[in-house]
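> For reference, the sequence and a predicted model appear below.
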Amino acid sequence: MENSKLVVIPVTLKGGNYLLWSRTTKIPLYGHGLWNHIDLSQNVEEEESSEVEEKEAAAAKKAKWFQEDQTMLAILQNSLEGSILEAYSYCATSSELWETLKNVYSNISNLSRVFEVKKAINDLSQEDLEFTKHFGKFWSLWAELEMLRPSTMDPFILAERKEQDKVFGLLLTLHLAFNDLIKHILRADKLPSLDEVCAQIQREQGSLGLFSGKGELPMANKGVYKPPDRRFKECAHCKRMGHSKEKCWILHPHLRPASFGPRECAP
């Protein structure tokens, strides 16, 4: 199968990006006439005609098909992340691998990936990159976002996406302490409304006691501050307890409050 040498699958399947992977994989397979190894229904006529052929020709054709399919299987395997490849390396044909991945990952909500792409766009910074490379990264993320959320004129879908964008915008601003809650929210088949998400955040905040009354996060490993006990200080000049030589009013009269007599020193 010489066409297989030209097949390049641009996206690596990592699980959450199944929709992008499947779409970008179909394009080169269709373009090189290889999709019939995935969609076996296209081979019905070919299989029926092979029944009237001589046994040797039929066997040769079957062997060629198997060789091509193994090449196709290798192409798909090369586009999988290591952990996914290890998990599904038992699939013996390209169609079996394709269907297995479809059954496992196609039903996973795309909400997590939409959020990840939006976060990546929000965090994207040119820094020292030349503009063409920076724009390439930006456009790649934007194209994936459009693929995950295709254009539509359906008012119900548009209203749903508007509510989703409010939730995504809020989640992007949350403290890292809420990461587990964010993952839980994004794993749902349907994204909760903004009001429901706010209620979940409030419950999480209350149960963990994350914030003080001033709205500040407590520092991890922060010790409790204890002011020094003035009772154990002894002035090296007057020998009285409760202040140091630097604060002694006998040596430094200007430090003495008006309510004290001229000879009185701070206790």
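Happy to help now that I have it. Numbering: from 1, shown residues only.

> residues contacting the spatially most central residue of the chain?
Central residue check for the chain by C-alpha atoms, centre = their mean: the C-alpha nearest the mean position is that of Glu116, 4.5 Å away. For Glu116, the contacting residues are Gly16, by C-beta atoms under 8 Å, 6 or more residues apart in numbering. Quick note: C-beta positions are derived from backbone N, CA and C, even for glycine.

> Then the one 5 residues further on?
Contacts for Ile121 (C-beta under 8 Å, 6+ apart) come out as 138, 141-142, 145.

> Among the residues you listed, which lie within helices?
Among the contacts of Ile121, DSSP state H puts 138, 141-142, 145 in helices.

> low-confidence ranges in the stretch 51-200 of the chain?
Regions of the stretch 51-200 of the chain meeting the criterion pLDDT under 70 cover residues 51-53, 107-109.

> all strands of it, in order?
Ranges of strands in the stretch 51-200 of the chain, per DSSP state E, counting those that start in this stretch: none exist.

> which among the contacts of Ile121 end up buried?
When the contacts of Ile121 are checked for burial by 16 or more other C-beta atoms under 10 Å, the buried set is 141, 145.

> ok, which pair from the contacts of Ile121 is furthest apart?
Pairwise distances among these were taken by C-beta to C-beta; the largest, 10.7 Å, belongs to Phe138 and Leu145.

> what separates Gly206 from Cys198, distance-wise?
13 Å (C-beta to C-beta, to the nearest Å).

> Settle it for me: which of these two has more neighbours?
Neighbour comparison, Gly206 and Cys198: the larger count goes to Cys198, with 13 against 10 (by other C-beta atoms under 10 Å).

> Show me what counts as buried in stretch 189-209.
Taking 16+ other C-beta under 10 Å as the neighbour-count basis, stretch 189-209 is seen to contain the buried residues 191, 197, 200-201, 204.

> Scan this protein for its longest helix.
Using DSSP H, we find that the single longest helix of the chain is helix 55-77.

> Now do that one: distance to the chain's middle.
Relative to the centre of its chain, helix 55-77 is centred 39 Å away, using C-alpha atoms, centre = their mean, to the nearest Å.

> Same question for stretch 117-132.
Taking C-alpha atoms, centre = their mean, one finds stretch 117-132 lying 16 Å from the centre of the chain it belongs to.

> Identify each buried residue in that stretch, please.
For stretch 117-132, burial by neighbour count (16+ other C-beta under 10 Å) applies to 117-118.

> now swap in stretch 25-40 and tell me
25, 28-29, 32, 34-38.

> ok, now stretch 77-95?
79-80, 84, 88, 91, 93-95.

> ok, now stretch 175-187?
Result for stretch 175-187 [16+ other C-beta under 10 Å]: buried residues 178, 181-182, 185-186.

> any chance of these in JSON lines, with distance to Glu163 too?
Shown next, in JSON lines, are these (distance: C-beta to C-beta, whole Å):
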{"residue": "Phe178", "distance to Glu163": "19"}
{"residue": "Leu181", "distance to Glu163": "18"}
{"residue": "Ile182", "distance to Glu163": "17"}
{"residue": "Ile185", "distance to Glu163": "13"}
{"residue": "Leu186", "distance to Glu163": "15"}
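
> Just those residues: which are in helices?
Among the buried residues of stretch 175-187, the ones falling in helices (DSSP H) are 181-182, 185-186.

> which one of the residues you listed sits closest to Ala60?
Checking those against Ala60 with C-beta to C-beta, the nearest one is Leu186 at 51.7 Å.

> Contact partners for the closest residue to the closest one other than its chain neighbours?
Of all residues not flanking Leu186 in the chain, Ser112 sits nearest, at 4.3 Å (C-beta to C-beta, 6 or more residues apart in numbering). Residues in contact with Ser112 (C-beta under 8 Å, 6+ apart) are 16, 183, 186-187.

> ok, these vs Ala74, which is closest?
Taking C-beta to C-beta as the measure, Ala74 lies nearest Gly16 of the contacts of Ser112, at 24.0 Å.

> about what we covered before: okay, the contacts of Ile121 in JSON lines with distance to Ser244 next?
Formatted as JSON lines, the entries for the contacts of Ile121 read as follows, by distance: C-beta to C-beta, whole Å:
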{"residue": "Phe138", "distance to Ser244": "61"}
{"residue": "Leu141", "distance to Ser244": "62"}
{"residue": "Trp142", "distance to Ser244": "65"}
{"residue": "Leu145", "distance to Ser244": "65"}
